Structures are given as C-alpha cells and as structure tokens.
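test case, fold it:
(chains A and B)
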Amino acid sequence: MFGRRLLLLTLGLCLCIALYLVWGARGNWGFVLPFRANKLAAMLLVALSVSSATVLFQTITRNSILTPSVMGFDALYLLTLTALIFVLGGQSFMQLPAIGQFLVNTVLMMGAALALFGTLLRRGGSDLFRMILTGIIFAGLFRSVTSFLQRIIDPNEFMVVQANSFARFARVELPLLALAGALTLAALGAAWHMRHRLDVLALGEQTAISLGESPRRGLFQVLILVSVLVSVSTALVGPMAFLGLLVVSVARQITPTVSHAVLLPSAGLVSAITLVGGQLVLERALQSSTPLVVVVDVLGGLVFLTLLLRRTPR
Amino acid sequence: MITITDLSYDRDETPVLRGVDLTLNAGGVKALIGPNGAGKSTLLSLIARLIPMQSGRIMVDDLEIGACANDVLARRLAILPQASEAAPLLTVRELVGFGRYPYHKGRPTAADREKVEDALATFELQALAERRLDSLSGGQRQRAQVAMIFAQDTDYILLDEPLNNLDIAASRGLMRTLQDLAQHHARTIVIVLHDINYAAAYANEIVAMKDGGIVAQGAPQDVVTEAMLREVYGTAAAVHRIDGRVLVGV
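Numbering: from 1, shown residues only, chains lettered A, B, ... in the order given. Below is the predicted model of the structure:
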C-alpha cells in the first residue's frame, strides 16, 4: 500500500541530496564534500526527528493540527535558553564546549518537555479545547518570563540569546553530530518498533484497552520519545516552529492512511525533501542568505490557518 | 463465568458501588438495568478494566481483572467502544482487521484475514468494506464496530448503553445481532440498558441495580414486576404480560 509513492519520495530525496552535494561545487572536492555532508547530516537528523515527533504527538492527542511547537515547546526552548544565559552569564555560556552546551540544553529541555506535555495530557487529555487553551496560556507565560529576563540581562548576553533563538544550519562539530545522531536514531528505532501499537493507540482509549493495549503506558512511552526527539533537534539547530505541522500535513495528503508503518517514513521523507530541497533552492538557486526556517514558517503558518478554518479539529 | 466478590468503588469520596457480589454464568444475554447513578456503568467499566479497581475482586473464568496481562484478557473479553471513538479515516475492513490485533500484534496471518472476511460476511458489510467510517451512518458505523468485536473472537462481550442515538430499526437490529451471537456463537453478552422493554425482550437474564448494590437478578418475567419498578425506580408503571412476554407501560 502506497509503496510506489514512498519509492517516488525516496527518489526525490536522493535527487535533492545528490544536487545538494555537487551543485555549484568549485575547488577542492576533498574539502567541499565533507563540509556539505556534515551540514546535510544535520538537516536529515532534524528533518526525521521533527516529523516523527509530530506524528507521534498527533497520535497520542488524536488530533492532526497539534504539534509540540504549537503546544508551547518553542517558547519553552527560548525560556530555557534565556534562563541558562541569565544564570551562567553569556560569557561562560559561550565558553562551554559545544557538546557541553548541547548536553545541558538537551537534558533541561527533556525534563521541561516531559513536565509540560505530561501536565497538558494528564489534566485535559479528554478535553481537546481545554488542552489547546492550556498549551497556549503556558506558551504565553513562557514568553512573558522570557522577555522579562531578556530585559534585565546585559545587552551583550542578549546578543548571545538572539543568536541562538533562530534555527540555522551551520557546520556542526563531528562528535556533537554523532551524539545527536545516536540519540535520534535510538528514539526513531523505538518509534518504529512500536508502530503497530501506535496504530491501536490512535483508535482511542476504550478501543485500545479492549484490544489489550495499555493507553497510559503507551502515552508515557510516546511522551518520552517526543521529548527526546524535539529536545535533540532543537538543541542542535534551534526551534523549527511550523516545520512539523507543514510536513506531516503534506504527508497525510500524499499517503492518506492511519498506518504508522507508512506515515512515519512518508512524513520523514517529505520533511527531508523540504529541508534539503529548500536549502538547495535558497542557497544555490536564489543565492539568498535568508534562513530556511523563515520560509518554512510562512508556509507552515498558512497550512495551520487553513487546517483550523477548513474543518473542526478532531 | 464472571464472578464478582465484595466490589466497592468510590468516586470523589462518594461511594458508587458498595460491596457488590454477583455471579454471571456463561452464555446468553445479561442486561444491567437501574436508574441513573445506580452504578451499572461503573460496574461494567470495572469488569472491562476501563477504570482501575479499588477494592474487591473480579474473575473472568480463571483470569483476575487487574492481575492478568492486558493482551491475555483481550482474547477473552471485548468491549464495544463508544461510537464517538471510531477513527473516521479508517475503512470498514481496516477497523474490523484491528479485532485480530490481540492475536497477531500487527502482523496478520492468512487465518486472521480469513476471520476478518468472515466477520464482514456475517454482518453483511462486504459492500461497505472499502468505505471510510466517516461516510457511514451511525447504525452502519456501530455494525462495523460490532463486527470488529466479533472478529476478536472473545467469549465475553461488554456493551455500555449501545442503543443511545440509534433509531428503532438500528436498535432492534443490534439487539437481534447480540442475541444471535449468544445463541449461535456461544458468546456471553453483558449489556447496560436504559430501556427496560429492550432488556425484557432480548435478555435471558436481568440484573437490577440501585444505589451501588444489586436488588434483583433473574429471568425477565421474574425480575420485571410492578413492585421492582416501584422499589428500584420509584415509579408506579404498569407491567403487562402478553403471550408470556413482559411489557412496561410508559
């Protein structure tokens, strides 16, 4: 089922990757290829983790317009970042080795994400509107505290916060990339392993229990996976607000199914094509230095509005 | 046989069930009736493990609720979920296919596929098999859900007020189906019903509940009396007997 569409998507991604690696390369291939491959690997990691985290999150909330970002995760990232710089000071934050920064960020984010999503789902899990409202109010709270902290820190430290607030695909140190890759692949493997259980959990609490699954245990496991995936990718490159929503909505159009065995790869492929292809067009074709995240957010925001206005959320 | 001993359940400090002892023998359709707040839905949810046990003990044959693994129970006991839960994007065949999940855990065998086709045929759903659930009427959707439970091949089937929002044709259709499952497929049906006339017409055994306890248990003609209606519901409804069948005047 949908095998051909997945194959076409795979071919499209291979084309994007090949073009990205060789197009416009001048000079020493020994330097250009590893340099580009490094950036490419970071993009693929982020693409896969954001799309899978979104699919998982939509499954446990049984809703196709919610994403971790929409529920306040990005605001939480900025708050964590600002608080960290506020406590440590901009200088000592910058002086932390990249891997240290990454680890501190990831661990803090994972704890905070588990607390945030756990609260949201436990308190209002059955009531969608209450859950969305709580998420939005939390995001507002995080933003207010963030801007309060940003107002009272030193302007130099504010610059550090600013520089880290937007997703950018720059060169990532190899050990850091390996660590992020290992964490992401482990989480993706676990998600793939529970794909059939996810299909059952998506049917609703009563049906899942009747079929012998435990929704509470499933919810907890999925929440951990989502926290790992979003924390790692955000700590690696920064927040990608609407990417997840955009690519999963497109994937649901291309492969209209509820089977996670199809949906997870399809969303991953669309996500990777969006990032690699988008970067290719911006960087090489348009010679532009606009960060890709800006374009993705404009498109993703439009998709979000369309989804909200076109049908009542389920 | 479902054996319930000394089952109590409190919700927000208010007792919902008070030391219920009840034995339901295997086979036939068993109806739980009683006024709102009598605790019948809570009792059913506890047997179905939809809510956690607080005190007491429920045995389904040799399996104890709360101690037995979920997937083992799923091969013994199924719950018809609320109609609102049906995932709208699934086709009827996909939904019915999930009934085999407790056996194959995501990797259906040829035997599982055969069971699904069998269920589709039994419930005359072949023509609708490729339709998505959101394109079906309420009655058709529920038939698909019952077919899923049939495919699950469990000895016990639990249903909580399945007649809500169904018209008389769909209600009679569902009750006849359940009767047929009990008679010809050796399933035991436990069903919470609001309408005593449906209970009296289709159940082999009626359990009347009030204030978290069992008031009466037995065959419809023995349980449904004017005295019981006065005691349990506090209403003076007339009970007619026509050709050996019981009918409550409304």
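
where are the low-confidence patches of the stretch 201-314 of chain A?
For the stretch 201-314 of chain A, the stretches with pLDDT under 70 are A:311-314.

contacting residues around residue 96?
You didn't say which chain, so I picked chain A. A:Leu96 makes contact with A:88, A:104 under the criterion Cβ atoms under 8 Å, 6 or more residues apart in numbering or on different chains. The way it works is simple: take the backbone N, C-alpha and C, and place the C-beta from them, glycine included.

think we crossed wires, I meant chain B
Neighbour list for B:Val96: B:116, B:119-120, B:125, B:144, B:147-148, B:151 [criterion: Cβ under 8 Å, 6+ apart].

and with 10 Å instead?
Contact partners of B:Val96, counting by Cβ atoms under 10 Å, 6 or more residues apart in numbering or on different chains, are B:90, B:115-120, B:123, B:125, B:129, B:144-152.

just the buried ones among the residues you listed, please.
Buried subset of those (neighbour count, 16 or more other Cβ atoms under 10 Å in any protein chain shown): B:90, B:115-116, B:119-120, B:123, B:125, B:129, B:144-152.

quote the end-to-end distance of stretch B:216-228.
With Cα to Cα, to the nearest Å as the measure, stretch B:216-228 spans 8 Å from end to end.

tell me the mean pLDDT for the biggest helix by length in chain B?
Ordering each helix of chain B by length in residues (DSSP state H) puts helix B:168-184 first. Mean pLDDT, helix B:168-184: 92.

likewise stretch A:31-46?
Summarised as a single mean, pLDDT over stretch A:31-46 is 88.

for that stretch, the distance to its chain's centre please.
18 Å (Cα atoms, centre = their mean, to the nearest Å).

re earlier: and chain A, which of the buried ones among the contacts of B:Val96 reach it?
Taking Cβ under 10 Å from any Cβ of the partner chain as the test, chain A is in contact with B:90, B:145, B:148-149, B:152 out of the buried ones among the contacts of B:Val96.

let's have those in a markdown table, adding secondary structure.
Compiled in a markdown table, those are given as follows (DSSP: H, G, I helix; E, B strand; the rest coil):
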| residue | secondary structure |
| --- | --- |
| B:Leu90 | coil |
| B:Gln145 | helix |
| B:Met148 | helix |
| B:Ile149 | helix |
| B:Gln152 | coil |
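
tell me which element B:Tyr9 is part of?
Using DSSP states H and E, B:Tyr9 falls within strand B:2-11.

avg pLDDT for whichever helix or strand comes after that strand?
Using DSSP H and E, the helix or strand that follows strand B:2-11 in sequence is strand B:14-24. Average pLDDT, strand B:14-24: 93.

strand B:14-24 packs against which elements?
Counting contacts by 3 or more Cβ pairs under 10 Å, 6 or more residues apart in numbering or on different chains; DSSP states H and E, strand B:14-24 packs against strand B:2-11, strand B:28-33, helix B:40-47, strand B:55-60, strand B:205-210, strand B:213-218.

work out the gap between it and the centre of the chain.
From the chain centre to the centre of strand B:14-24 is a distance of 18 Å (Cα atoms, centre = their mean).

what's the answer for stretch A:52-64, then?
Here the centre of stretch A:52-64 is set off from its chain's centre by 12 Å, with Cα atoms, centre = their mean.

quick one on the thing from earlier: filter the contacts of B:Val96 down to the ones in helices?
Reading helices off the contacts of B:Val96 with DSSP H, I get B:115-120, B:144-151.

A:Gly201 contacts A:Ala208, doesn't it?
Not Gly; residue A:201 is Leu. Yes: the criterion here is Cβ atoms under 10 Å, and A:Leu201 meets it with A:Ala208 at 5.3 Å.

buried residues in the strand holding B:Tyr9?
B:2, B:4, B:7, B:9.

what's near enough to touch A:Thr207?
A:200-201, A:213, A:215, B:78-82, B:85-87, B:95, B:98, B:101, B:145, B:148-149.

neighbours of residue 238, how many?
Assuming you mean chain A. 22 (other Cβ atoms under 10 Å in any protein chain shown).

my bad, chain B
By other Cβ under 10 Å, 10 other residues sit near B:Ala238.

mind giving me the packing neighbours of the helix or strand hosting B:Leu158?
Per DSSP H and E: B:Leu158 is located in strand B:156-160. Judged by 3+ Cβ pairs under 10 Å, 6+ apart, strand B:156-160 is in contact with helix A:205-210, strand B:28-33, helix B:40-47, strand B:77-80, helix B:138-151, helix B:168-184, strand B:188-192.

pick the most buried one from the ones you listed.
strand B:77-80 (a mean of 26; mean count of other Cβ atoms under 10 Å in any protein chain shown).

please name the nearest non-neighbouring residue to B:Asp134.
Once flanking residues are discounted, B:Asp134 sits nearest to B:Pro88: 3.6 Å by Cβ to Cβ, 6 or more residues apart in numbering or on different chains.

at the geometric centre of the chain, which residue do we find?
I went with chain A, as the question did not name one. Centroid check for chain A by Cα atoms, centre = their mean gives A:Val50 as the closest residue, at 2.8 Å.

other chain: chain B
Residue closest to the average C-alpha location in chain B (Cα atoms, centre = their mean): B:Leu159, at 2.2 Å.

list the contacts of it.
B:29, B:31-32, B:44, B:48, B:78-81, B:142, B:145-146, B:149, B:174, B:178, B:189-193.

swap in 6 Å and give it another go.
Neighbour list for B:Leu159: B:80, B:191 [criterion: Cβ atoms under 6 Å, 6 or more residues apart in numbering or on different chains].

bridge partners for it, pull those for me.
For B:Leu159, the beta-bridge partners are B:Leu80, B:Ile191 (DSSP bridges).

gap between it and A:Ser210?
11 Å (Cβ to Cβ, to the nearest Å).

over to B:Leu166?
Using Cβ to Cβ, we find B:Leu166 at a distance of 20 Å from A:Ser210.

same check on B:Met1?
B:Met1 is 20 Å from A:Ser210, by Cβ to Cβ.

most distant residue from the middle of chain B?
Here chain B reaches farthest from its C-alpha mean at B:Ala110, the gap being 29.2 Å by Cα atoms, centre = their mean.

name the residues of the stretch 51-200 of chain A found near chain B, please.
By the rule Cβ under 6 Å from any Cβ of the partner chain, the part of the stretch 51-200 of chain A lying against chain B is A:196, A:200.

contact partners for the residue in the stretch 51-200 of chain A positioned nearest to chain B?
The minimum distance from the stretch 51-200 of chain A to chain B, using Cβ to the nearest Cβ, falls at A:His196 (2.6 Å). By Cβ under 6 Å, 6+ apart, A:His196 lies in contact with B:Gly106.

one step back: between the helices and strands packed on strand B:14-24, which one is nearest to chain A?
Nearest to chain A, of the helices and strands packed on strand B:14-24 and by Cβ to the nearest Cβ, is helix B:40-47 at 9.2 Å.

elements contacting that closest one?
Judged by 3 or more Cβ pairs under 6 Å, 6 or more residues apart in numbering or on different chains; DSSP states H and E, the packing partners of helix B:40-47 are strand B:156-160, strand B:188-192.

with mean pLDDT as added columns, please give the ones you listed in TSV.
As requested, those are exported to TSV (pLDDT from 0 to 100):
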stretch	mean pLDDT
strand B:156-160	94
strand B:188-192	95
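
ok, which of these comes nearest A:Asp74?
Proximity to A:Asp74 (Cβ to Cβ) singles out strand B:156-160 among the helices and strands packed on helix B:40-47, at 40.9 Å.

that closest one vs strand B:14-24, what angle?
150 degrees (axes from the mean of the first three to the mean of the last three Cα atoms, to 10 degrees).

only alpha carbons, please: show strand B:156-160 as PDB.
Presented in PDB, the C-alpha positions along strand B:156-160 are these (Å, rounded to 0.1, in the frame of the first residue of the first chain):
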ATOM      1  CA  TYR B 156     -17.400 -12.300  26.600                       C
ATOM      2  CA  ILE B 157     -18.600  -9.100  25.000                       C
ATOM      3  CA  LEU B 158     -19.400  -6.000  27.100                       C
ATOM      4  CA  LEU B 159     -21.600  -3.100  25.900                       C
ATOM      5  CA  ASP B 160     -22.400   0.200  27.700                       C
END
